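S.K.: Sequence below, structure please.
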Amino acid sequence: MFFVKLLRFLRGTVLFKLTGGFSERFINLCGRGGIPLWDFTAHPLGFSAHTTAKGYKRMRPYAKKTGVKIRIQRKEGVPFLLHRYRKRTGLLAGLLAAVVLLGYMSGFVWKIEVTGNEAISTQEILAALDELGFREGTRKHGVDARELEQRMILKLGGLSWIGVNIQGSTARVEVRERTLPPDLIDQDDVPTNVVAAEDGQIIYLEVYDGQAVVALGDTVMQGDLIVSGITEDKHGNSALKHARAKVVAQVVGEKEIRIPLEETLRVPTGEEKQQKFLSLGSFQLPISFGGPPKTGYETKVESSRLTVLGRELPLVIETRRHFPYYEENVRLTAEQAKAKALSQLEEWEKEEYEGGKIIDRTLSGQVEGKHFVLNAQYIAEKNIEKLQEILIKE
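M.R.: Numbering: from 1, shown residues only. Modelled structure (predicted):
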C-alpha cells in the first residue's frame, strides 16, 4: 500500500468534485478509457474522487459528453511541486535527492515487530536477533530468513517455532514458545511422601492420601517423614501412592533487620536539560545544542518515529531528558531507623507467614556501630507440608 501511495505521489493526483449530468455513465466511460478513480465520497449533487494528473486531463471529453461538471478541489504530487517551484533549482534538487534516498532506504529493515511471546521478553528476542546480525538498519538483500529462523531456535531454547517475514521496511517476527512439561512431583501418578518443610510441633493434620506416620502434638524436624506414600492393605500387600496432606505446625522463627544510620540521598534540583538526536539505525545525529549536566543526573529516554503519508520512516527522534540531582548525607535517629526496620519487617512477615498466623512476636532493637539492628522472635502457625518424590531403584 505504501508503494502505491508513493507511485501516485510521484505521478501526481487530483481530487475533483463532480456535479450534474449522468454521473454513472461518466464513471463507465472513465473505466473503459483506463482512467483510474478511487476514494469516492458521495455529495448531495454528485460525488468527489481522486484520479491521476493525466487522468484528469483525459476525462474532460467524457465530462462534456455526459453533461457533468468537474472541478479541481486539490492537487498533490511531484508534477505539481515541480511546476510550482520550477524556478527554484535547489529545492527541486533536494526533492529529487529525497526521493532517491527514500528509494535507497526502502532496501533496509527499519522496524522489527515481535508477536506471540509471553515468557520470553521482546527485548530478549531482539537481543538474540542482534547477536545474529539482524537488527534495525540491516540490508534486506543479505537476509536469509530461513537460516535466521533455524539459528534463533538453537539460540533460544524456549522457542518451538519462529517465523521472520519482511514486508516493506518492517520485519515481523512471530514466535511460539515451548510448552514445558509440568513438574512431575505435582502429578497424581508420581509416588511421593509428605515431609516437613521446617521444624515444628504438629497442631493440625489432615491426610488426603497415604499413611500418616506422626500424630497431633508430635515434634518434627525439617525433612522428617509425616505421611508415607508407601501403604499396606490388610493382606500385607504394599502399594505406592501420591501422598497428599495438609499439615499445620507451631513453629519458632527469628528475623534480623539491619538499617544503616547514615544514608546518601539523591535530591533532585528541579532542573531539566534535554538533548535531541535524529537516529537512523545505529547512527545518531545531535539536533540540539548542549550536553548532559556535569554533575550527577538521571535520564529518561523518549523516542518517536517520523511518518510520511501515514507510513513510518526509519528516522527516529530521540529525546533524552536529564534531571540533575545532588547527593546529601542524612543521619537517621534511632527512632527513625527503628520505624524503617519495622516497615521492612512487616513486609517480610506478609510473605513468610502467608496463610498462617503469628501467635507471639518479641522485638528487641539497639544501635550497633553504624547500624540499627532489629531482632524479632516468633511463635507462629503455618503450613509445613512438602512433597518429596519416592525414588524407585530399578
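S.K.: Flag the shaky bits of the stretch 51-200 of the chain, pLDDT-wise.
M.R.: 85-99, 101-102, 180-188 (pLDDT under 70).
S.K.: Which parts of it are strands?
M.R.: Ranges of strands within the stretch 51-200 of the chain are 69-76, 108-109, 111-115, 138-139, 159-167, 170-177, 192-196, 200-209, based on DSSP state E, counting those that start in this stretch.
S.K.: what domains does the record give for the protein?
M.R.: 2-83, 108-177, 184-251, 264-330 (automatic domain parsing).
S.K.: got these as CSV, with distance to Tyr378 and mean neighbour count columns?
M.R.: Bear in mind the C-beta positions are built from the backbone N, C-alpha and C, glycine included. Formatted as CSV, the domains of the chain follow (distance: least, C-beta to C-beta, whole Å; neighbours: other C-beta atoms under 10 Å):
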stretch, distance to Tyr378, mean neighbour count
domain 2-83, 66, 15
domain 108-177, 36, 15
domain 184-251, 8, 16
domain 264-330, 31, 13
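S.K.: Of the ones you listed, which is nearest Lys350?
M.R.: Proximity to Lys350, assessed across the domains of the chain by C-beta to C-beta, is greatest for domain 184-251 (16.5 Å).
S.K.: For Lys370, find the nearest of the domains of the chain.
M.R.: Here domain 264-330 is closest among those (C-beta to C-beta), at 12.3 Å.
S.K.: re earlier: any chance of the domains of the chain in TSV with distance to Ile392 as columns?
M.R.: Below are those laid out as TSV (distance: least, C-beta to C-beta, whole Å):
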stretch	distance to Ile392
domain 2-83	64
domain 108-177	29
domain 184-251	7
domain 264-330	57
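S.K.: between those, which gets nearest to Leu345?
M.R.: That would be domain 184-251 among the domains of the chain, by C-beta to C-beta, at 17.1 Å.
S.K.: Show me what the helix ranked longest in the chain packs onto, helices and strands only.
M.R.: The longest helix of the chain (DSSP state H) is helix 334-352. Applying 3 or more C-beta pairs under 8 Å, 6 or more residues apart in numbering; DSSP states H and E, we find helix 334-352 packed against strand 244-260, strand 357-368, strand 371-383.
S.K.: ok, back up a step: make JSON lines out of the strands of the stretch 51-200 of the chain and add distance to His83.
M.R.: JSON lines is the format used below for those (distance: least, C-beta to C-beta, whole Å):
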{"stretch": "strand 69-76", "distance to His83": "9"}
{"stretch": "strand 108-109", "distance to His83": "32"}
{"stretch": "strand 111-115", "distance to His83": "35"}
{"stretch": "strand 138-139", "distance to His83": "36"}
{"stretch": "strand 159-167", "distance to His83": "34"}
{"stretch": "strand 170-177", "distance to His83": "34"}
{"stretch": "strand 192-196", "distance to His83": "84"}
{"stretch": "strand 200-209", "distance to His83": "87"}
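S.K.: How about the residue most central in space within the chain: what's its closest non-neighbour residue?
M.R.: Nearest to the mean C-alpha position of the chain, by C-alpha atoms, centre = their mean, lies Thr122 at 5.6 Å. Distances taken as C-beta to C-beta, 6 or more residues apart in numbering put Val114 closest to Thr122, at 4.7 Å, once the chain neighbours are dropped.
S.K.: State the distance from the one you found to Gly163.
M.R.: Using C-beta to C-beta, to the nearest Å, Val114 is found at 11 Å from Gly163.
S.K.: anything in contact with each of the two?
M.R.: 173, 175 (C-beta atoms under 8 Å, 6 or more residues apart in numbering).
S.K.: coming back round to it: Ile112 is in contact with the residue nearest to the centre of the chain, correct?
M.R.: No - when contacts are counted by C-beta atoms under 8 Å, Thr122 is not listed as touching Ile112 (9.3 Å).
S.K.: Now the common contact residues for those two.
M.R.: With C-beta under 8 Å, 6+ apart as the test, Thr122 and Ile112 reach no residue in common.
S.K.: all helices for this protein, in order.
M.R.: Using DSSP H, helices in the chain cover 2-11, 23-32, 53-58, 60-66, 78-84, 89-105, 122-131, 145-155, 334-352.
S.K.: picking up where we left off before, who wins for proximity to Glu352 among the domains of the chain?
M.R.: domain 184-251 (10.3 Å).
S.K.: Distance from that closest one to the middle of the chain?
M.R.: Relative to its chain's centre, domain 184-251 lies at 43 Å (C-alpha atoms, centre = their mean, to the nearest Å).
S.K.: repeat for stretch 345-356
M.R.: Distance, centroid of stretch 345-356 to centroid of chain: 31 Å (C-alpha atoms, centre = their mean).
S.K.: Glu335: which of the helices and strands packed on helix 334-352 is closest?
M.R.: Once those are compared by C-beta to C-beta, strand 371-383 is nearest, at 9.3 Å.
S.K.: Give the pairing partners of that closest one; include direction for each.
M.R.: strand 244-260 (antiparallel), strand 357-368 (antiparallel) (DSSP bridges).
S.K.: if you compare these, which one is most tucked away?
M.R.: strand 244-260 (a mean of 17; mean count of other C-beta atoms under 10 Å).
S.K.: pLDDT averaged over that one - what is it?
M.R.: Summarised as a single mean, pLDDT over strand 244-260 is 95.
S.K.: okay, the angle between it and strand 200-209?
M.R.: Here strand 244-260 points in a direction 140 degrees away from that of strand 200-209 (axes from the mean of the first three to the mean of the last three C-alpha atoms, to 10 degrees).
S.K.: coming back round to it: CSV for the helices and strands packed on helix 334-352, including distance to Gly217?
M.R.: Listed next are the helices and strands packed on helix 334-352 as CSV, based on distance: least, C-beta to C-beta, whole Å:
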stretch, distance to Gly217
strand 244-260, 10
strand 357-368, 16
strand 371-383, 14
